[in-house]
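Chemist: I would like to see how this sequence folds:
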Amino acid sequence: MSEIHQFNHAAMATLFQARIVCDENAYAAQAAQAIFDLVDSLESRLSRFRSDSDIARIANLAPGETMRLSEAAFACLQIAKRMDYATRNAFCPTPAALKTQSSLPQWELIPDEHVILCVSGRLEFDLGAVGKGFSLDRMGELLLEWDCPSFLLVAGGSSIVAGDQPTGHDGWSCGLGEGDASQRFLLTHASLSGSGLAVKGCHILDPRTGRPALRQNRAWVLADTASESDALSTACMVLSEPELHEVFAQNDSWLAFLDMGESIKSIGRRMPPTGA
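Modeler: The predicted structure follows:
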């Protein structure tokens, strides 16, 4: 019977964990090293704290100027722009810009050339709410290339991507909530991400006002990809409940869970996974 092999790697200011089902530990270790090398490469492109990264260099663009991006940075920004639109600007990759600018900077992507155009303002990107999820998705894709389809990938405990179920089980046991409100699901071929105030306090800004988002204490989102679930869980901290119903009605693959204190409320049309 194939075993579950676990590996850890520090990157993007958090801990990445990989649980890989494989017959051979040595092969699983090689696959894990490959996906962790990928994470390091993505961090070098996406981190705003690295002066030579794509994201850091974008901030030097003046209105009207363009810059060619790496494939990874361009793909991540494409997702960020799509989720910005889908969440009505509740998720935004540039909310911190409101600390130094009177309005959000404007930008466009030119797909045929992998180019970003600065339309106005200074492009101060922070991909923390989508970059880790994007990395998890890319890691999962690489594990499939390594013929390791059964895996669980975790970034900092707040974002999870599940592949095929482990041998002898119906899925990977993943939880949300604590105490009486705790729920556990068996996850396969999906992602679960959470956002909240318990660990970092009021760190999520409402891009529409520039003020801290205080709509929820904690929220989780189930989606097909970690890029989506990461962005949506952040948006859940910003949007009112009526707005959430409208946003989640757009896509049948999205499901939100809101911490109501003594219970957890779901929003969306996706069926929840089987309980663990």
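Chemist: now the helices: where do they sit in this protein?
Modeler: Taking DSSP state H, the helices of the chain run over residues 25-46, 54-58, 71-86, 131-145, 226-236, 241-248.
Chemist: and residue 125, which of those is closest to it?
Modeler: helix 54-58 (4.9 Å; Cβ to Cβ). Where you see a C-beta, it was placed from the backbone N, CA and C, and this is true even at glycine.
Chemist: Of the helices of the chain, flag the one that's most buried.
Modeler: With neighbours taken as mean count of other Cβ atoms under 10 Å, these reach their highest mean count in helix 226-236, at a mean of 30.
Chemist: what's that one in contact with?
Modeler: Helix 226-236 is touched from outside by 76, 79-80, 83, 87, 90-91, 129-130, 132-134, 136-137, 155, 158-161, 191-195, 204, 215-216, 219-223, 244, 247, 253-254, 256, 258, with contacts defined as Cβ atoms under 8 Å, 6 or more residues apart in numbering.
Chemist: Would you list the buried entries among these?
Modeler: Buried members of those, counted by 16 or more other Cβ atoms under 10 Å: 76, 79-80, 83, 87, 90-91, 129-130, 132-134, 136-137, 155, 158-161, 191-195, 204, 215-216, 219-223, 244, 247, 254, 256, 258.
Chemist: who's in contact with the worst-scoring helix or strand of the chain on mean pLDDT?
Modeler: The helix or strand of the chain with the lowest confidence, counting by mean pLDDT, DSSP states H and E, is strand 172-176 at a mean of 88. Residues from elsewhere that reach strand 172-176 (Cβ under 8 Å, 6+ apart): 19, 152, 160, 162, 165-166, 182-188, 192, 194, 220, 257, 264, 276.
Chemist: Direction included, what does that strand pair up with?
Modeler: strand 183-187 (antiparallel) (DSSP bridges).
Chemist: Mind checking the pLDDT average for the partner strand?
Modeler: Across strand 183-187, the average pLDDT comes to 90.
Chemist: Which positions in that strand come out as buried?
Modeler: Within strand 183-187, the residues scored as buried using 16+ other Cβ under 10 Å are 183, 185, 186, 187.
Chemist: Neighbours of residue 167, how many?
Modeler: Burial of residue 167 is recorded as 11 neighbouring residues (other Cβ atoms under 10 Å).
Chemist: same deal with residue 263?
Modeler: Residue 263: 11 neighbours (other Cβ under 10 Å).
Chemist: pLDDT on stretch 91-102, on average?
Modeler: 88.
Chemist: what's in contact with it?
Modeler: Stretch 91-102 is contacted by residues 77, 80-81, 83-84, 104-105, 121-127, 129-130, 205-207, 210, 231-232, 234-235, 238 when judged by Cβ under 8 Å, 6+ apart.
Chemist: roughly how far apart are residue 169 and residue 190?
Modeler: 15 Å (Cβ to Cβ, to the nearest Å).
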